[in-house]
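Novice: Sequence below, structure please.
(one chain, ligands or ions: 3)
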Amino acid sequence: MDFNTSKSESYAARVESYAGFGNGLAATQDLKEGDVIIRVNNPFLILVEKAALELVCSQCFYEKHGLKRCSGCKVVWYCSASCQSTAWKASGHKLECPIYQRLPDVLPTEVRGLVNLLLCKEIGTKPDPKWASLEGHVASLRKQKEWNNIVLQANAAIKYSGSVDTYIETVVELLCRMATNAFRVTLPDSTETGLCFEPLVSLANHSCDPNAIVMFDGRKMFLRALKFIDEGDQIFISYVDTTSPRDVRQAEIQASYFFTCKCERCTNNSGFAPVVNSKPSPRLDLLLDRGNSIAQYPDPKETKVRNALSHYRSKDDPSPTLVVLLYILLTSPYVQPHHPVRVSTLYQIYRQICILATHPEGDEKLLAGAEHVPKKLLMDIDYISASQCILILLIELAPKSHGANSQFLRNLSRDLSAIVELQEPRGEVGEKLQEWAMDASAEGKMYSNHIFAQFRELAAYAFKLIEDVSGV
Ligand SMILES: [Zn+2]
Ligand SMILES: [Zn+2]
Ligand SMILES: [Zn+2]
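Specialist: Ligands and ions are numbered 1, 2, ... in the order given. Reported below is the predicted structural model:
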């Protein structure tokens, strides 16, 4: 593995061989929560998936309004002339564009990725040591029904890129690595936007209580510490949702990664280990009100909750969506206050509150789909102040989840300035909340405390909303 550090990429990890794991990554220095372990500015392969082509820029991967389509192929969209020009030259669109132009439909994401690699990185001739050392599970995949699909995709990529047929073996080998090692690129609200294959980061092994996580800031990829990691310790990420029960996690890992997880949580069927040295967040604790309200909530099955969330979201009903999101936030078991999944949930909550804040009082849209929730409770919330509270929380937590220099944090700060301005003619509340932002025990706490209590009351109605959907 090539560990040459270039100016634009930084590593605090080295490859190490581990009994029972094979290759893995070890920390080369002590790391704090939120520290960057590996930063890759230009992953080996990163591309926008078909469903997100009109949502994010195909070069910088940021969600922006007014994207412009490539006039040649009409497949990819860019946010600026500068992104278009970088994509044309550096990311190889110059070579792909004429191929896309001739095709009636947009190729599947994996095939587009392979075409790009075949054209730009000449991957076909022989396995590149960059990815060949990764586990490909070729023999196991060969026995599965996905195998036909892998071969089809490899053949399609060879045909469309105009490569020679003899490349097929290498392309299939690469596709197998991608199938087990690729990452999903997501926006801060968890919307999936792309596919990323970066062999270096893929060397990290799995644990159901990981000490690191992969995050994206646009097209930049970060392996970031979730916990304090000592120099020399192995770095683990999770390949599955760590909040699922052990049986579910084990089944998913076996089906997709062909091994049995022997991590501490799987061995003892236990929860997440408590975090040491983690700085608590009094502001988040005020919202979560730990040990008080959460324990009283029933525990609907995880998939039920997700189905309900996508149901209300697809109907564009902000109130029930908000209630279900609040429920998810209050019941999530993550130990770190800044856990990226929690930060993402908070951000999704913020977005629903923004929609509600713009509705005039008594507007029907405000109440749509939330039959089980008392009207008065929904009407009583000061959504402008609520958005300020959640933004203050996000700005406190996001430096450790998304990075102090991330576009996400810059956007949050910009939004907060706008809300503070909006609050000015509305009395002292905006100012008091800003004092609370500076000092968690300031007087403004009583405003946030009031809103957070309303949120917890709302979350208690989620159960009926979730049941409604699962009954359909
Ligand atoms: Zn762009
Ligand atoms: Zn084009
Ligand atoms: Zn495990």
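Novice: neighbours of the residue of the stretch 351-472 of the chain found nearest ligand 1, just the number please.
Specialist: Residue of the stretch 351-472 of the chain nearest ligand 1, by Cβ to the ion: residue 407 (10.7 Å). (Glycine included, C-beta is placed from N, CA and C.) Residue 407 has 17 neighbouring residues, counting by other Cβ atoms under 10 Å.
Novice: does it really touch residue 220, like I thought?
Specialist: No. Using Cβ atoms under 8 Å, residue 407 is not in contact with residue 220; the gap is 9.3 Å.
Novice: related to what we said a few turns ago, what's the residue of the stretch 351-472 of the chain closest to ligand 1 in contact with, if anything?
Specialist: Residues in contact with residue 407 (Cβ atoms under 8 Å, 6 or more residues apart in numbering) are 62, 217-218.
Novice: If you count contacts, what does the helix or strand encompassing residue 149 end up packed against?
Specialist: Assigned by DSSP states H and E, residue 149 belongs to helix 146-161. Using 3 or more Cβ pairs under 8 Å, 6 or more residues apart in numbering; DSSP states H and E, the elements in contact with helix 146-161 are helix 109-120, helix 168-181.
Novice: redo that, cut-off 10 Å
Specialist: Contact here means 3 or more Cβ pairs under 10 Å, 6 or more residues apart in numbering; DSSP states H and E; on that basis helix 146-161 packs against helix 93-102, helix 109-120, helix 138-142, helix 168-181.
Novice: could I get the last one in PDB with only the CA atoms?
Specialist: Just to be clear, that refers to helix 168-181. The C-alpha atoms that make up helix 168-181 are tabulated as PDB, following Å, rounded to 0.1, in the frame of the first residue of the first chain:
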ATOM      1  CA  ILE A 168     -12.500  -9.000 -18.100                       C
ATOM      2  CA  GLU A 169     -10.700 -11.000 -15.400                       C
ATOM      3  CA  THR A 170      -9.100  -7.900 -13.800                       C
ATOM      4  CA  VAL A 171     -12.300  -5.900 -14.000                       C
ATOM      5  CA  VAL A 172     -14.300  -8.600 -12.300                       C
ATOM      6  CA  GLU A 173     -11.600  -8.800  -9.600                       C
ATOM      7  CA  LEU A 174     -11.900  -5.000  -9.100                       C
ATOM      8  CA  LEU A 175     -15.700  -5.100  -9.100                       C
ATOM      9  CA  CYS A 176     -15.600  -7.800  -6.300                       C
ATOM     10  CA  ARG A 177     -13.400  -5.500  -4.200                       C
ATOM     11  CA  MET A 178     -15.800  -2.600  -4.900                       C
ATOM     12  CA  ALA A 179     -18.800  -4.700  -3.900                       C
ATOM     13  CA  THR A 180     -17.400  -5.400  -0.400                       C
ATOM     14  CA  ASN A 181     -15.300  -2.200   0.100                       C
END
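Novice: list the buried ones in it?
Specialist: Within helix 168-181, the residues scored as buried using 16 or more other Cβ atoms under 10 Å are 168, 170-181.
Novice: for the shortest one, same thing?
Specialist: Neighbour-count burial for helix 138-142 flags 138, 141 (criterion: 16+ other Cβ under 10 Å).
Novice: do the second one as well
Specialist: Using 16+ other Cβ under 10 Å as the burial criterion, the residues of helix 109-120 that qualify are 109-120.
Novice: From these, pick the one nearest residue 284.
Specialist: Nearest to residue 284, judged by Cβ to Cβ, of the buried residues of helix 109-120 is residue 109 at 36.0 Å.
Novice: Counting neighbours, what do you get for the residue of the stretch 251-400 of the chain found nearest ligand 1?
Specialist: Proximity of the stretch 251-400 of the chain to ligand 1 (Cβ to the ion) peaks at residue 347, 20.7 Å away. Other residues within reach of residue 347, judged by other Cβ under 10 Å, total 24.
Novice: now swap in the one 4 residues further on and tell me
Specialist: The tally of other residues near residue 351 (other Cβ under 10 Å) stands at 17.
Novice: now residue 444: how far from ligand 2?
Specialist: From residue 444 across to ligand 2, the span is 51 Å (Cβ to the ion, to the nearest Å).
Novice: Please report the distance of that residue from residue 435.
Specialist: 5 Å (Cβ to Cβ, to the nearest Å).
Novice: Can you pull the residues that touch both of those two?
Specialist: Taking Cβ atoms under 10 Å, 6 or more residues apart in numbering as the criterion, residue 444 and residue 435 both touch residue 428.
Novice: So if I had to pick from the two, which one is more boxed in?
Specialist: Neighbour count, other Cβ under 10 Å: between residue 444 and residue 435, residue 444 has more, with 25 against 14.
Novice: dump the residue contacts of that one.
Specialist: Residues near residue 444 by Cβ under 10 Å, 6+ apart: 385, 388-389, 392, 428-438.
Novice: 7 Å instead, please
Specialist: Residue 444 sits next to 432-433, 435-436 when contact means Cβ atoms under 7 Å, 6 or more residues apart in numbering.
Novice: where do the strands sit along this protein?
Specialist: 10-11, 13-18, 22-27, 36-40, 45-48, 68-69, 77-78, 183-186, 192-197, 205-206, 212-217, 220-225, 234-237 (DSSP state E).
Novice: which one of these is the most hemmed in?
Specialist: Burial of the strands of the chain is given as mean neighbour count (mean count of other Cβ atoms under 10 Å); strand 45-48 ranks first at a mean of 25.
Novice: does any part of that one sit near ligand 1?
Specialist: No. Using Cβ under 5 Å from the ion, strand 45-48 stays clear of ligand 1, coming no nearer than 10.7 Å.
Novice: is any part of that strand close to ligand 2?
Specialist: No. Shown here: strand 45-48 not in contact with ligand 2 (Cβ under 5 Å from the ion), separated by at least 12.7 Å.
Novice: I'd like to know which elements that strand is packed against.
Specialist: The contact analysis (3 or more Cβ pairs under 7 Å, 6 or more residues apart in numbering; DSSP states H and E) places strand 45-48 against helix 109-120, strand 192-197.
Novice: so which of those gets nearest residue 340?
Specialist: strand 192-197 (14.4 Å).
Novice: rewinding a little: looking at the buried residues of helix 168-181, spot the one nearest ligand 3.
Specialist: Using Cβ to the ion, residue 180 comes nearest to ligand 3 of these, at 16.8 Å.
Novice: Please tell me how far the closest one sits from ligand 2.
Specialist: From residue 180 over to ligand 2 the distance is 30 Å, taken as Cβ to the ion.
Novice: same deal with residue 386?
Specialist: Noted for residue 386: a distance of 43 Å to ligand 2, by Cβ to the ion.
Novice: Next up, the contacts around that residue.
Specialist: Counting by Cβ under 7 Å, 6+ apart, residue 386 touches 353, 451.
Novice: Let me know the distance separating it from residue 313.
Specialist: Using Cβ to Cβ, residue 386 is found at 19 Å from residue 313.
Novice: can you check residue 144 too?
Specialist: In terms of Cβ to Cβ, residue 144 sits 32 Å off from residue 313.
Novice: The nearest residue to residue 244 once chain neighbours are set aside: neighbour count?
Specialist: Leaving aside its sequence neighbours, residue 244 sits nearest to residue 302 (Cβ to Cβ, 6 or more residues apart in numbering; 6.4 Å). Residue 302 is flanked by 15 other residues according to other Cβ under 10 Å.
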